Each structure stands twice: as structure tokens, then as C-alpha cells.
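> Fold the stuff below for me.
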Amino acid sequence: MKLAIYDFDGTLCKEETIPFLIAFYRKNNYSYRKLGKFYLKMLGATAKYVSKIDASFDKEKYRETAAKNFMLLFEEMKEEEIINFFAASASELAKSFNPMVVASIEERKADDYHIVLCSGANTLLLNEVAQYISIDTIIGTKLHFLEDGTYDFNSELFVTTGKNKPIAVLDRFKDKNIDWQNSCAYGDSFYDYDILKLTGTPVAVNPDKGLREIAMENGWDILE
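Residues are numbered from 1 along each chain as shown. Just a heads-up that it's a prediction; the model follows:
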């Protein structure tokens, strides 16, 4: 089996998920009280990231923190309500798909690749996004719910970003015979390096400075 692995934010989708969803939440008049709680939580994280006082708290750690705090917006909401929110937002996100990446997915699918969408975004959103494009396997951040259907804020989130991406992919396909050398992976960020190098054909999509340098040094394809 050959895999074609695609990142979501900045790769398949031109938008950054969290800022887009925050704007969608506000536009559709959801709870401003919960928005306030989210912004207050992020103040400390933003100051820590911008000040560089802790070198280990990099962009990827900041995004992980944002992903966890983002769930404050859905406090007391049932899983079905949350799914409805992501279904509505996914239809808007689909308008921001990168046509070059969409074409790549279609080509890889025609060449018998197993298409994997691997992202730090949560699986509820990714499941809705997959309604708009041909995806075989979704790997994302799994959310946990209590028996009453509300989000479990005490659960630990394994956010599938950075070094967690190859861990999640290898675990998902541990019982499959994967031809890694003839598989491919697409990403836009320096933090996608670990998932990109897992395959024989890494492709940088509109890469940031860090990934562009790596791609050029290693002769990787660049799609832009």
C-alpha cells in the first residue's frame, strides 16, 4: 500500500483553522462569554510565545495550546451541537481549498494511493471536511466526551502536530504493509518535517522559510 499524506492548515486549506473557526463562531453569534474565556486563556500563552522567554514554547507548542483552549467555546454544548458547528464551518473552509493540492489528491487517488489527511485539527472537523474531497483515512486530534454528551475538559488531548504526526500515522498503519519509499507527503511548515521525511517523496506546499530551506537543501519538490 502506498500512502499520500496531506496536512490540512496551509496545505490542503489556505486558511489557518483556529483563527477561521473563531471568526466563524463570532459571525454566527455564538457565546461571547465563552469567547472571552478563550481570549483570557490565550493571553498568557501569547505573551509567553511572543516574548521568547521560554525557547521550548515555539509556534507548534503555541498552536497546541490554542487547540486545547479552543474547546472552551463549546463548554456545556452537546456533541451533536458541536458536530453541527463543524459541519457548517467545513462548508466554508472547503471554499479555501488549494486547487493545486486538490488536483494532487485526485492524481494520487487515480494512481492507487491511499489518501491520508493528517492534521492537528480535531477529527470532528476533519470528518466534515472529508465530505468535500476524496479522503480514505483521517488522522487528527481526537476529542473525548462525557456520558451526558458534553466535552470532557479533564481528558488529555494528543494533538497530532509536529513530531506527533508520524507517531499517529505509524500507529494507524502498524498492521499494514506500507511502501514508505514510494509513498508521499505534503506539508507547508517546518513543523511538518517529521511527517514529510517519513516518505520517499516529500513535497513542500507554499512552504514557510524553515521548510523551504530544508526542501531546497534536500532537493524536495516545492508546490506553489
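
> give me the element G120 is part of.
Per DSSP states H and E: G120 is located in strand 114-122.

> now do I214
Short version, using DSSP H and E: I214 is in helix 209-218.

> and the one helix or strand in the chain whose mean pLDDT sits lowest, which residues are buried?
Scoring the helices and strands of the chain by mean pLDDT, DSSP states H and E places helix 59-70 at the bottom, with a mean of 86. For helix 59-70, a neighbour-count test (16 or more other Cβ atoms under 10 Å) marks 60-70 as buried. Just so you know, the C-beta spots here come from the backbone N, C-alpha and C atoms, and that holds for glycine as well.

> quick one, helices of this protein?
Under the criterion DSSP state H, the chain contains helices at 17-27, 32-51, 59-70, 79-93, 99-110, 123-129, 164-172, 193-196, 209-218.

> Give me the contacts around the first one.
Put plainly, it is helix 17-27. Contacting residues not belonging to helix 17-27 are listed as 8-9, 32, 35, 38, 63, 66-67, 70, 73, 85, 88-89, 92-93, 96, 119, 121, 125 [Cβ atoms under 8 Å, 6 or more residues apart in numbering].

> mind redoing it with 7 Å?
8-9, 35, 66-67, 70, 73, 89, 92-93, 121 (Cβ atoms under 7 Å, 6 or more residues apart in numbering).

> ok, so of those residues, who is nearest L198?
Using Cβ to Cβ, F8 is the member of the contacts of helix 17-27 that lies nearest L198, at 17.0 Å.

> quick one: contacts for that closest one?
F8 touches 17, 117, 119, 121, 126, counting by Cβ under 7 Å, 6+ apart.

> Of those, which is the nearest to Y151?
For the contacts of F8, the nearest to Y151 is A121 (15.5 Å; Cβ to Cβ).
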